[in-house]
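Peer 1: sequence first, then the predicted structure, then my questions.
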Amino acid sequence: GLSTKMTTMASLACTAVVVLAMARTSAALSCEAMPERSCQIRYGPESQDTPTLDKWFAELQSFRDRMRAGLAKLPGGDFSAYDNRDVAWTQTKGFIQPQVMVHDRYLYDRERREWTIGKYLDDLKTRYGGIDSVLLWQGYPNIGVDDRNQYDLIRSLPGGLASVSAMVKQFHDRGIRVFWPYFRWDHGTRHEGESDYIALTKMVVSLDADGINGDTCDGELNRTWWQAGLEAGAGKGLALEPQSLGGGRNGGDTGWENMTVDISSWAENWPHGAGPDPMAPLVHAYKVIEPRHMAHIVERYAENRTDGVQTAFFNGIGYESWESVWSMFNLITLRDGERIRRASAILREYASLVVPSGAVQPPSVWQWRPFAPGLLHSGAYMSSFTSPDGHSLLYLIVNRVDRDSEGPVVEVPCPRSDHRIFDLYHGGELTGANGSCDDRDAKLTFLLERLGFGAILVSPHPPSTAFLEEMREMTAARLDSYSADRGFLPQTMTQTPKTPIPREFPPPDTVLCPSTRYRFIAHGNLPQGNRFPLQADVQMPWEPHPMRDHDHELNLDAFAIEKFPVTNQQYLEFLRAASYLPEDTANFLRDWTYRNGRPTGYAAGWDKKPVTWVSREDSEAYCVHHGRRLPETWEWQYAAEGTDGRPYPWGNEDDPSRYPAPSSGRKFPTLDDVDAHPTGRSPFEAEDLVGNVFQWTSRFVDEHSEKTIVRGGTKYSPHHAAKYYFARPKDLHEHNTLITMAPSMDRSGGIGFRCVVDGPVLHHSQVHTLPEPSHTVA
């Protein structure tokens, strides 16, 4: 009622005052950024001698005191957000988090139309020890193919929001927390009707998810977001996790002060090797300031993950086990998988030592000491963690050099008589000569593998027998006995059988594309593909692996392609003749009118506009009904450019008068009639090839992803932060790759289709037969 509205308005007004006060206070609050302009890191000491370590540590303590004193002047600067019971899990069970495309075939089974969360989690458990939370990614790089915004794409997932909630519960049933992303740049698609901090927190709470990851965010996930989450969830806290948080991503060191409410963060693009000692791990500044802050080291492009996993282990923070980078799979190798498995097992078991629970201790009481003294192996570095009662010490060690230890590795103060010393990494107790103690110090001897890990516990409380047995079995084989081969995921192309040859060829509504020897040159514009030369874009049937640039000569038989994309009128006639209705009707012909659960018509004047909101399956059904099929990508391109390699259907120069004018508004535009631009025709007289709607062509599948090449481009061209939206191809030699998963998600207002029909084989000696797939996906 009115009182509720007034209360909400007052709350928002208070929030605005809080944000303004924060901005004024933080203007003079510097994070003392390193030269890389990153507030997130502190360099280690220049050497490992005890006086240098003690001086460095005293300076680190002083840094922490200054930062906390400055933050204390801000609203929430007491870090009380970390005391919220709903985010406490990040401190004890938040170490390993993958980002994964919701389209991943291990997450969702297209044929069975069901979420397969168990399959996904079992795979990760097998390959690197499992995860603690997951970031589910539904938007980029597909977002922008039509005007669906970041929230619409969650609604478009199979089964709608009810199914998504059930999917989140499947994760919770396995003890896994769930994050959804916030695309702060998404101001080019449909406006949601309310502020993002309200819309997304409400949606995340309604799905019973646990946190929000802020894509490209430095300071955007601020106290306003924290308060919105509390209001949406009736006091439930949402773990906020910005991508940068003062990491310099947006041109400076802004946003770091929001660590008072940002319980977690990403630690991406860290300059490993920077500082006075290039081998020393970088120290996470936010963990120094607030030990309960859980960051995740991110290495999306890494071929070798040693730096990242060792840095996370040394700091006692998390690791982003990201493999599915926009459907390009940067596989965690067997060796790196073992690194993650072993490091995370120790961090989880001793989370109460690595991450203190409850309110932070006074600045004079330090439980964590990075670069603790006592190492005897040159090239290794050690952190120590002390229990609040001072009785237990945990030493985490990383060997940064490519040689094993020889002799004693660590020298620590002799323990009290009631204390014992355990080599946690190898799952045993250090006694006798391996843990010999003179009057003051104990020299500990154990194997510290090259580029490996060590973990020593000195405590009156022994580890559990089960944990020691688990670690003994886990570390029985050396790390370097596991393969470091990254490899790639082979793809197969869905091959459509040739059509029957019609009596009249070419049929009257088609144009002839005669048989020829054709040089197919194409470039995939999937973003960031250059980082993955063996996994970018798609693997054509003649190629040894997926690649971004394709150049191959094919012997093509004659075929006929429909002169125009299929129109609304034609599709309506098909529905009436075939009584077609897909099993999954979500978003099917969503801009048509419906009666009794069936589409019955469309807006006046849309007869000759291309039909959209049809999946590839919906399009194939139409083609098959007419004795036709969808074109392969090279067939579509040949029909568009002919044999002279021209970049545009009409010639060599771009001419905007020959195709629909692009629209940069937030609302998807009304499409042009398919015959509205006859001067844009190809050498074979095909029309409406570019700039009106994308058109379905070839489909490719690997173990984790499914991609379909769409050709031609669309009128819709969001201008705001355009680099993040589904790109318009610049010419006929560039194609788009849509990551597909289920009809409800794949259907789009920006994608239509046209069919082809095969003709007689005119030159038998020149027929190009596609090779059989070299890899079959289960």
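Peer 2: Looks like it came in fine.
Peer 1: stretch 222-240: which residues count as buried?
Peer 2: Residues of stretch 222-240 classed as buried by neighbour count (16 or more other CB atoms under 10 Å): 222-233, 236-240. Glycine gets a C-beta too; all of them are placed from N, C-alpha and C.
Peer 1: again with stretch 600-614
Peer 2: Tyr602, Trp606, Lys608, Lys609, Pro610, Val611, Thr612, Trp613, Val614.
Peer 1: that stretch: end-to-end distance?
Peer 2: One end of stretch 600-614 to the other measures 15 Å (CA to CA, to the nearest Å).
Peer 1: average pLDDT for that stretch?
Peer 2: Averaged over stretch 600-614, pLDDT sits at 98.
Peer 1: swap in stretch 676-694?
Peer 2: Mean predicted confidence for stretch 676-694 is 98.
Peer 1: got the buried residues for that stretch?
Peer 2: Buried residues in stretch 676-694 (16+ other CB under 10 Å): 677, 680-684, 686-694.
Peer 1: just give me the closest of those to Tyr425.
Peer 2: Nearest to Tyr425, judged by CB to CB, of the buried residues of stretch 676-694 is Phe694 at 52.7 Å.
Peer 1: identify the bridge partners of the closest residue to the closest one other than its chain neighbours.
Peer 2: Sequence neighbours aside, Val710 is the residue nearest to Phe694 in space, at 3.9 Å (criterion: CB to CB, 6 or more residues apart in numbering). Beta-bridge partners of Val710, counted by DSSP bridges, are Trp696, Asn736.
Peer 1: pretty sure Val710 sits against Ile751.
Peer 2: Yes - using CB atoms under 8 Å, Val710 is in contact with Ile751, at 5.8 Å.
Peer 1: quickly list what's touching both of the two.
Peer 2: Val145, Phe694, Gln695, Trp696, Leu738 (CB atoms under 8 Å, 6 or more residues apart in numbering).
Peer 1: distance to Leu207 added to those residues, as CSV?
Peer 2: Below are the shared contacts of Val710 and Ile751 laid out as CSV (distance: CB to CB, whole Å):
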residue, distance to Leu207
Val145, 24
Phe694, 30
Gln695, 34
Trp696, 31
Leu738, 25
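Peer 1: are any of those buried, and which?
Peer 2: Val145, Phe694, Gln695, Trp696, Leu738.
Peer 1: I figured the second one hits Thr708, correct?
Peer 2: No - with contact defined as CB under 8 Å, Phe694 does not count as touching Thr708 (9.9 Å).
Peer 1: overlap of the contact sets of these two?
Peer 2: Looking at what touches both Phe694 and Thr708 (by CB under 8 Å, 6+ apart), the common residues are Leu738.
Peer 1: pLDDT score for Gly529?
Peer 2: pLDDT recorded at Gly529 is 79.
Peer 1: so who does it touch?
Peer 2: Neighbouring residues of Gly529 by CB under 8 Å, 6+ apart: Met328, Ala536, Asp537, Arg548.
Peer 1: and what of Phe564?
Peer 2: Pro610, Val674, Asp675, Ala686, Glu687, Asp688, Arg754.
Peer 1: can you report how many residues lie near the closest residue in space to it that isn't next to it in sequence?
Peer 2: Spatially, and ignoring its direct neighbours in sequence, Phe564 is nearest to Val674 (3.9 Å; CB to CB, 6+ apart). Using other CB atoms under 10 Å, Val674 has 24 neighbouring residues.
Peer 1: is it fair to say Val674 lies in a strand?
Peer 2: No - read with DSSP: H, G, I helix; E, B strand; the rest coil, Val674 is coil and lies in no strand.
Peer 1: for the residue nearest to the spatial centre of the chain, phi and psi?
Peer 2: Nearest to the mean C-alpha position of the chain, by CA atoms, centre = their mean, lies Gln99 at 4.0 Å. Here is the backbone geometry of Gln99 (degrees, to the nearest 10): phi -90, psi 130.
Peer 1: pretty sure it contacts Leu135?
Peer 2: Yes - here Gln99 reaches Leu135: they are 4.3 Å apart, a contact under CB under 8 Å.
Peer 1: what do those two both touch?
Peer 2: Asn213.
Peer 1: where's Glu562 relative to Leu200, distance?
Peer 2: As judged by CB to CB, to the nearest Å, Glu562 and Leu200 stand 42 Å apart.
Peer 1: could you do Leu581 as well?
Peer 2: Remark: distance between Leu581 and Leu200 (CB to CB) = 34 Å.
Peer 1: next one: Pro242
Peer 2: Applying CB to CB, one obtains 13 Å for the distance of Pro242 from Leu200.
Peer 1: out of these two, which sits in the busier spot?
Peer 2: Here Pro242 and Leu200 are compared on neighbour count by other CB under 10 Å; more neighbours surround Pro242, at 30 against 26.
Peer 1: got a list of what the more buried one touches?
Peer 2: Pro242 neighbours (CB under 8 Å, 6+ apart): Asn213, Gly214, Cys217, Asp218, Gly219, Glu220, Leu221, Gly255, Asn258, Asp262, Ser265, Trp266.
Peer 1: quick check: pLDDT value at the residue nearest to Phe694.
Peer 2: 98.
Peer 1: contacts only, for it.
Peer 2: By CB under 8 Å, 6+ apart, the contact list for Val710 reads Val145, Phe694, Gln695, Trp696, Thr697, His735, Asn736, Thr737, Leu738, Ile751.
Peer 1: repeat for Asn434
Peer 2: So Asn434 contacts Asp423, Leu444, Thr445, Phe446 (CB under 8 Å, 6+ apart).
Peer 1: OK, contacts around the third one?
Peer 2: When contacts are counted by CB under 8 Å, 6+ apart, Thr445 is found next to Gly407, Pro408, Val409, Leu430, Ala433, Asn434, Gly435.
Peer 1: need the contacts of Asn434 in JSON lines (columns: pLDDT and distance to Tyr286).
Peer 2: Formatted as JSON lines, the contacts of Asn434 follow (pLDDT from 0 to 100; distance: CB to CB, whole Å):
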{"residue": "Asp423", "pLDDT": "98", "distance to Tyr286": "30"}
{"residue": "Leu444", "pLDDT": "95", "distance to Tyr286": "31"}
{"residue": "Thr445", "pLDDT": "96", "distance to Tyr286": "35"}
{"residue": "Phe446", "pLDDT": "96", "distance to Tyr286": "32"}
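Peer 1: what's the farthest-apart pair in those residues?
Peer 2: Pairwise across those, and taking CB to CB, the largest span is found between Asp423 and Thr445, at 9.5 Å.
Peer 1: what touches both of these two?
Peer 2: In contact with both Asp423 and Thr445: Leu430, Asn434, using CB under 8 Å, 6+ apart.
Peer 1: ok so, going back, between the buried residues of stretch 676-694, which is closest to Gly374?
Peer 2: Phe694 (62.1 Å).
Peer 1: from Asp509, how far off is that closest one?
Peer 2: 21 Å.
Peer 1: closest to Arg728 out of the shared contacts of Val710 and Ile751?
Peer 2: The closest of these to Arg728 turns out to be Phe694 (CB to CB; 9.3 Å).
Peer 1: got the contact list for the closest one?
Peer 2: Val145, Val710, Arg711, Gly712, Gly713, Thr714, Asn736, Leu738, Ser748, Gly750, Ile751, Gly752.
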